[in-house]
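>>> one predicted model, sequence on top.
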Amino acid sequence: MSDSIGIVILAAGKGTRMKIETPKALAKTAGRPLLEYVVDAALNFASHSSLKAEIGLVVGHKKELLEEWLSTHSQKQFLKTAWQKEQNGTADALKSCFHDQPHFWDYTYTLVACADTPLLEEAEFNKLFEVLKADPKLVGVAATFEAHDPTGLGRIVHGKNGFQIVEEKDASPEQRKITEVNSGVYILKTSHVKEVLGTISNNNKSGEFYLTDLFQDKYSVKPVKFPSEVPFLGINTLEQLAEVTKLFRAKKLKKLFTEGVEFLNPDSVHIDDAVTIGVGSIIYPGVTLLGNTKIGNGVVVETGSFIRDSIVHDGAEILAHSYLEGALVHKDATIGPMARLRQGADIGPEAKIGNFVEVKKSKLDKGVKVSHLSYVGDAEIGENTNIGCGFISCNYDGANKHKTKIGKNSFIGSDVQMIAPIEIGNDAFVAAGSTISKSVPDGAFAITRAQQVTKEGAAKRFIKTKKS
């Protein structure tokens, strides 16, 4: 098979030092799993290089979670899995891929990368591939870099014809002084892998099968030194994860600045990779923007607001300390301060959701006002209706949720409870302090208050005083 490449991503690690329950490859940085960055970069490289490609994902620890992730990937047709039953080294991991996916032997080239290097981009793969293609005699290339601290990394030992990679445990004192190190990213001719992989032994201090043994001075292989170690940063601890997330955030903020987004204190903002923000928007300090959040043009997001997987359209204001998750906020609406929009909240243009208001699975049309201290759940509210303070849609009967429908141009007074299922018509008026359990037609007035009884001088029977 010509012009083709089998991409093998090693993702069998447990993440022991991170002390997490999921496989290390599924730990998240900037809102996406580590593995996803590597997969996308590799597929982009193959596509732009006109290479027919397929990814073999070598799984191990909690492999079912990785297989579940794979099933949701947008290009899952290009992803296959292989199971490394025991952690016997990187060469054993590669053998597992060829064992479970034997058609990978038919690819012209084999690319190997690790799942815990999310800063890898298409450019690194391009550079390696260009070097390999430029010399027909080469059978493999490995990405290397000068490490500030080479501890734990394989050293690059140059020879007369090529080079070899010596793992730290097996390195001599002199070799350990070398600062050019192995990145763990390789592109090889598959014919070379087929010839050598089966001959690799575990006769070393770790008792593992090293994939680095594919690179020996006797083979026509070449190290490709990169100017920075940053793209190859691997993640083994939560501290390293935080450092990489910080790099992603800085890159994201720089891009948004150039696109016309203003951050009043960028160092205090957490923003995921997939978040988009339109021109002229202002983001205050202490804001968190997560998941697939999309913010339009000219939006203001004030201090302490938390927004996940939500859409906020042009000109809207998210006032201080508001919490949005799975919400839709239309043009020029105002949310907060201190409001909560839960999954399925759909807030119409020019609507106002005020302080201490919670909205869940409800559609509020243009100009609706719910200004303070209210709960709106499983409801539909028509245009320009005003909801007074202390409103509650009583949507849950202990077993099932029920719908509240309120028409347009209606007025709902303070401290009103509506017992769903219920419908209030257009241009209706519900008096303050009412508990409404029957539907109200268009233009009607509804009130449910007990008659007030006042007893002169009787207060002393009810007022409690402290005993001396």
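Good, I have the coordinates.
>>> sort out which residues of the helix or strand of the chain with the lowest mean pLDDT are buried, please.
Scoring the helices and strands of the chain by mean pLDDT, DSSP states H and E places helix 63-72 at the bottom, with a mean of 92. With burial defined by 16 or more other Cβ atoms under 10 Å, the residues of helix 63-72 counted as buried are 63, 66, 69, 70. C-beta coordinates here come from the backbone N, C-alpha and C atoms, glycine included.
>>> repeat that for stretch 128-147.
Applying a neighbour-count criterion of 16+ other Cβ under 10 Å, the buried positions in stretch 128-147 are 128-129, 131-132, 138-145, 147.
>>> rounded mean pLDDT for it, please.
Across stretch 128-147, pLDDT averages out at 96.
>>> before we move on, back to that, got JSON lines for the buried residues of helix 63-72, with distance to residue 316 too?
Supplementary listing: the buried residues of helix 63-72 in JSON lines, determined by distance: Cβ to Cβ, whole Å:
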{"residue": "63", "distance to residue 316": "43"}
{"residue": "66", "distance to residue 316": "38"}
{"residue": "69", "distance to residue 316": "33"}
{"residue": "70", "distance to residue 316": "37"}
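>>> tell me the one of the residues you listed nearest residue 265?
Relative to residue 265, the closest of the buried residues of helix 63-72 is residue 69; by Cβ to Cβ it sits at 34.5 Å.
>>> my read: that closest one touches residue 33, true?
Yes - applying Cβ atoms under 8 Å as the test, residue 69 and residue 33 come out as touching, 6.5 Å apart.
>>> who touches both of these two?
residue 26 (Cβ atoms under 8 Å, 6 or more residues apart in numbering).
>>> quick check, residue 58 in contact with residue 80.
No - the pair residue 58 / residue 80 is not scored as a contact, 10.1 Å apart, by Cβ under 8 Å.
>>> more crowded one of these two?
More neighbours sit around residue 58 than around the other of residue 58 and residue 80, counting by other Cβ atoms under 10 Å; the figures are 29 against 17.
>>> wait, is the more buried one part of a helix?
No - secondary structure of residue 58 (DSSP: H, G, I helix; E, B strand; the rest coil): strand, not part of a helix.
>>> once you drop chain neighbours, what's closest to it?
Of all residues not flanking residue 58 in the chain, residue 93 sits nearest, at 4.6 Å (Cβ to Cβ, 6 or more residues apart in numbering).
>>> what's the burial count for that neighbour?
As a measure of burial, residue 93 has 26 neighbours, counting by other Cβ under 10 Å.
>>> next helix or strand past the helix or strand hosting it?
Taking DSSP states H and E as the criterion, the element that holds residue 93 is helix 90-100. For helix 90-100, the following helix or strand on the C-terminal side (DSSP H and E) is strand 109-114.
>>> got the contact list for the helix or strand that that following strand is followed by?
Of the helices and strands lying after strand 109-114 in sequence (DSSP H and E), the nearest is helix 122-134. With contacts defined as Cβ under 8 Å, 6+ apart, helix 122-134 is touched by 41-42, 44-45, 48-49, 109, 111, 138, 140-141, 143, 185-187, 189, 222, 224, 226, 231-232.
>>> now do residue 288 against residue 22, distance only.
Residue 288 is 22 Å from residue 22, where distance means Cβ to Cβ, to the nearest Å.
>>> list the buried residues of whatever helix or strand residue 38 lives in.
Under the criterion DSSP H and E, the helix or strand holding residue 38 is helix 34-48. Within helix 34-48, the residues that qualify as buried are 34, 35, 36, 37, 38, 39, 40, 41, 42, 43, 45, 46, counting by 16+ other Cβ under 10 Å.
>>> export it to PDB, keeping only CA atoms.
Listed next in PDB are the C-alpha coordinates belonging to helix 34-48 (Å, rounded to 0.1, in the frame of the first residue of the first chain):
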ATOM      1  CA  LEU A  34      -5.000  14.500  26.300                       C
ATOM      2  CA  LEU A  35      -5.500  11.800  23.800                       C
ATOM      3  CA  GLU A  36      -7.800  13.900  21.600                       C
ATOM      4  CA  TYR A  37      -5.200  16.500  20.900                       C
ATOM      5  CA  VAL A  38      -2.700  13.800  19.700                       C
ATOM      6  CA  VAL A  39      -5.300  12.000  17.600                       C
ATOM      7  CA  ASP A  40      -6.400  15.300  15.900                       C
ATOM      8  CA  ALA A  41      -2.900  16.500  15.200                       C
ATOM      9  CA  ALA A  42      -1.900  13.100  13.700                       C
ATOM     10  CA  LEU A  43      -5.000  12.900  11.500                       C
ATOM     11  CA  ASN A  44      -4.500  16.500  10.300                       C
ATOM     12  CA  PHE A  45      -0.900  15.700   9.400                       C
ATOM     13  CA  ALA A  46      -1.900  12.600   7.400                       C
ATOM     14  CA  SER A  47      -4.600  14.500   5.600                       C
ATOM     15  CA  HIS A  48      -2.500  17.400   4.600                       C
END
